[in-house]
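need a structure here:
(chains A and B)
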Amino acid sequence: MRARARVRNMVILGLVLSLAVGGLAGCTPRAGPTSGSPVVRLGYLQADLHQLPAMVALEQGFFAQAGVDVKVAGVFASGPEEMSAFAGGSLEVGYVGLAPVVTAAAHGTADVVILALANSEGSALVLSRGSSVTKGGDLAGKTIAVPGLGNVQDVLLRKVLDQAGLRPQDVTTLVIKPPEMVSALRNKQIDGFVAWEPFPTQAVEQGVGWVYMSSHDIWPDHPCCVVAVSRRFYQEHPDTAGKILQAHVRAINWIKDHPDQAISIARKYTGLPETVIAAAMKNIKYGGDLRPNQVEEYIQVLNAAGLVNISNPEAFSRGLIAEGSSLQNSDSRQKGNSQS
Amino acid sequence: MKRPTRWPYGLAMLVAAISLWQALSWTGMVAPARLPSPISVAEAFWELWRQGLPPGYSLAGHLAGSLARIGWGFILAAPIAIILGFTMGYFPLIRALANPIIEILRPIPPLAWVPLSILWFGIGNPSAVFIIGLGAFFPVLLNTVAGVEASDPRLADAAYTMGASKWQVMVKVVFPQALPSLFTGLRVGLDIAWMTLVAAEYTGIKSGYGLGYMIMLARDLQRPDAIVAGMLVIGAIGYLMDWAASLLITYCLRWK
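You can find the predicted model right below:
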């Protein structure tokens, strides 16, 4: 009797388990519509001034005017989370850092192409006030925080160290999230950090740190945030992707022509004080073209650090950037100008 | 009467579950981006062991860092919880005073403490130890209180009639009776402390070693295989610790 009950229990357990696994298997990405103009689900990062073009395009209705029905599907705390949303088939387009796009592609977690650059530069290496560092070599032995392993800021730090003739292990690199960085610097728990705006500006405004090197000093015109679209969507709806690009370029031109209004939109979306936004925006270059050799340069640093293993950085970079995106970018730039 | 040996069933079930998982991965029903296959997780484990993540920071180092942090959190939190629990169990007035505060603090998940913890203790080990200690604290406290409360008042009365002092009754009559419950609290506290590890190490770790920290880095690098490998290591070590704790408790309570 007991043995039979045991067998029955095992069978039930097996059933429950296979149902659970089956449920997991069932949630594979759905195929998107292949005709008509689909609803485009957009993601962007929380309080990230690099992604102001997304906020402007949404606020000014540029997507709708370009003929795209864009819905905000998620505002993410970090790039890797946004890439997970891409992988889960919950996004068609996203404003996100170049780094998570590259690592996602390298590790096969999400398949996206880069439509355009959202911004270049816009980060800085900030050191604590009263720091004795006057040249790169002085960084040896210091504790420097970066927002994530292998992200653009981590690469910037590696470049600074390399330029100063130091090895990565000559400094203590610590991963903490940017909102914690300014207070960690104030409490002398770190000697410096590399982060995107507005955190360098905040550290300066609060008198706890100074910009030792801006990202312009470290790597001029380095790509930072991009507009990524899922590869499948890009292949099935190239026209819609083109319209998204058009709205994006229009937003970038609008920011250049209406800096004050852009600041109030940024304030609405990020909640940051206008003084911080205005100061931070001076360090961010919106728009521009993304060249494969820039992506390649970035990949080479990651490869050297052993964080990714991409055997052909050149082909990988070309495959990541949507074909003809730079051409379309400059074309629609003129269009954007005439419209605004 | 000999208890039937059941562990082979559990082992068979584990093997079956992993095989099913691998089979689903092979057939493509579970996309590797959603859940990496057992084989790729095993490969990630091997890579973490040999090379580490980031390269040079091996899995053994991450494990040692986390165990040390758990040890500190537990060693600092458990005595406070035991003393407070004993006091609360023994003096009803203190229990009545402390109860509302404890009952409000107890359900707050350790992750919610992370921002405050960073403000109070800064980034790194002190914060992590605080978060881990919080996880361990409440189970130990509540089980100690319950153990003292459940002690038989007649035994205490009997001891008093035989001329025992209040202190002697506390140490020699109440404490031994509270021990089984206290040990259960310690065991659960250790489990919960280990479960808070990932949250604790999100506060940033200067040494660069910690299983939770490693999982955070793997997330930055979008390595689901390494994330799952790290999760399974946490699970397996937690299982081992719980097993060791139960053996130790059985040994300590063999007089019962």
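
Tell me the residues of the stretch 151-256 of chain B that contact chain A?
For the stretch 151-256 of chain B, the residues in contact with chain A (C-beta under 8 Å from any C-beta of the partner chain) are B:203-206, B:208, B:213, B:216-217, B:219-224. Where you see a C-beta, it was placed from the backbone N, CA and C, and this is true even at glycine.

Count the residues that sit near whichever residue of the stretch 151-300 of chain A sits closest to chain B.
The stretch 151-300 of chain A approaches chain B most closely through residue A:176 (3.8 Å), counting by C-beta to the nearest C-beta. By the criterion of other C-beta atoms under 10 Å in any protein chain shown, residue A:176 has 25 neighbours.

show me what contacts it?
Contacts for residue A:176 (C-beta atoms under 8 Å, 6 or more residues apart in numbering or on different chains) come out as A:145, A:147, A:184, A:190, A:193, B:123, B:203-204.

go on, residue B:216?
A:175, B:198, B:201-202.

Which element, helix or strand, includes it?
Residue B:216 is part of helix B:211-220, with elements assigned from DSSP states H and E.

what comes into contact with whichever strand or helix holds residue A:125?
Element membership for residue A:125, per DSSP H and E: strand A:123-128. Residues outside strand A:123-128 that contact it (C-beta under 8 Å, 6+ apart): A:133, A:144, A:152-153, A:156-157, A:160, A:185, A:188, A:190-197, A:199-200, A:203-204, A:208-215, A:218, A:224, A:283.

My reading is that residue A:212 is in a strand; is that accurate?
Yes - counting by DSSP: H, G, I helix; E, B strand; the rest coil, residue A:212 is found in a strand.

Around it, how many other residues sit close by?
22.

circling back: tell me how far the residue of the stretch 151-300 of chain A closest to chain B lies from residue A:281.
Going from residue A:176 to residue A:281 by C-beta to C-beta, to the nearest Å gives 25 Å.

Tell me the helix or strand right after the helix or strand hosting residue A:248.
Residue A:248 is part of helix A:238-257 when elements are defined by DSSP H and E. Counting by DSSP H and E, the next helix or strand C-terminal to helix A:238-257 is helix A:259-270.

if you skip the residues just before and after it, what's nearest to the residue in the stretch 201-340 of chain A that chain B sits nearest to?
Nearest residue of the stretch 201-340 of chain A to chain B (C-beta to the nearest C-beta) works out as residue A:306 at 3.7 Å. Excluding its sequence neighbours, the residue lying closest to residue A:306 (C-beta to C-beta, 6 or more residues apart in numbering or on different chains) is residue B:55, at 3.7 Å.

quick check, the one you found in a helix?
No - according to three-state DSSP, residue B:55 belongs to no helix; its state is coil.

Run through the residues that contact it.
Contacts of residue B:55 (C-beta under 8 Å, 6+ apart): A:305-307.

what does residue A:180 give?
B:118, B:123, B:204.

In terms of helices and strands, where is the residue nearest to residue B:149 when sequence neighbours are not counted?
Nearest residue to residue B:149, sequence neighbours excluded (C-beta to C-beta, 6+ apart): residue B:89, at 5.2 Å. Secondary-structure assignment from DSSP H and E places residue B:89 in helix B:59-90.

Which neighbouring elements make contact with that helix?
Counting contacts by 3 or more C-beta pairs under 8 Å, 6 or more residues apart in numbering or on different chains; DSSP states H and E, helix B:59-90 packs against helix B:38-50, helix B:92-105, helix B:125-149, helix B:175-195, helix B:197-201, helix B:211-220, helix B:224-252.

near chain A, which residues of the stretch 1-150 of chain B show up?
So far as C-beta under 8 Å from any C-beta goes, the stretch 1-150 of chain B lies against chain A at B:9, B:13, B:16-17, B:20-21, B:24, B:29-35, B:51, B:54-56, B:118-119, B:122-124.

Can you select the buried ones among the residues you listed for me in PyMOL?
Applying 16 or more other C-beta atoms under 10 Å in any protein chain shown to the residues of the stretch 1-150 of chain B next to chain A leaves a buried subset, and the PyMOL line that selects it is:
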select buried, chain B and resi 17+20+21+24+30+31+33+34+35+54+118+122+123+124
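
among the residues of the stretch 1-150 of chain B next to chain A, which are in strands?
Mapping the residues of the stretch 1-150 of chain B next to chain A onto strands (DSSP state E) picks out no residues; all lie outside.

Flag the shaky bits of the stretch 1-150 of chain B, pLDDT-wise.
B:1-2 (pLDDT under 70).

Same check on chain A?
The low-confidence ranges in chain A, as defined by pLDDT under 70, are A:1-37, A:324-340.

rerun at 80
For chain A, the stretches with pLDDT under 80 are A:1-37, A:323-340.

The stretch 151-300 of chain A against chain B: which residues are in contact?
Proximity of the stretch 151-300 of chain A to chain B (C-beta under 8 Å from any C-beta) is limited to residues A:151, A:169, A:172-176, A:180, A:183-184, A:187, A:189-190.

Any chance of JSON lines for these, columns distance to residue B:98?
JSON lines is the format used below for those (distance: C-beta to C-beta, whole Å):
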{"residue": "A:151", "distance to residue B:98": "45"}
{"residue": "A:169", "distance to residue B:98": "49"}
{"residue": "A:172", "distance to residue B:98": "41"}
{"residue": "A:173", "distance to residue B:98": "43"}
{"residue": "A:174", "distance to residue B:98": "38"}
{"residue": "A:175", "distance to residue B:98": "38"}
{"residue": "A:176", "distance to residue B:98": "35"}
{"residue": "A:180", "distance to residue B:98": "32"}
{"residue": "A:183", "distance to residue B:98": "32"}
{"residue": "A:184", "distance to residue B:98": "34"}
{"residue": "A:187", "distance to residue B:98": "32"}
{"residue": "A:189", "distance to residue B:98": "33"}
{"residue": "A:190", "distance to residue B:98": "38"}
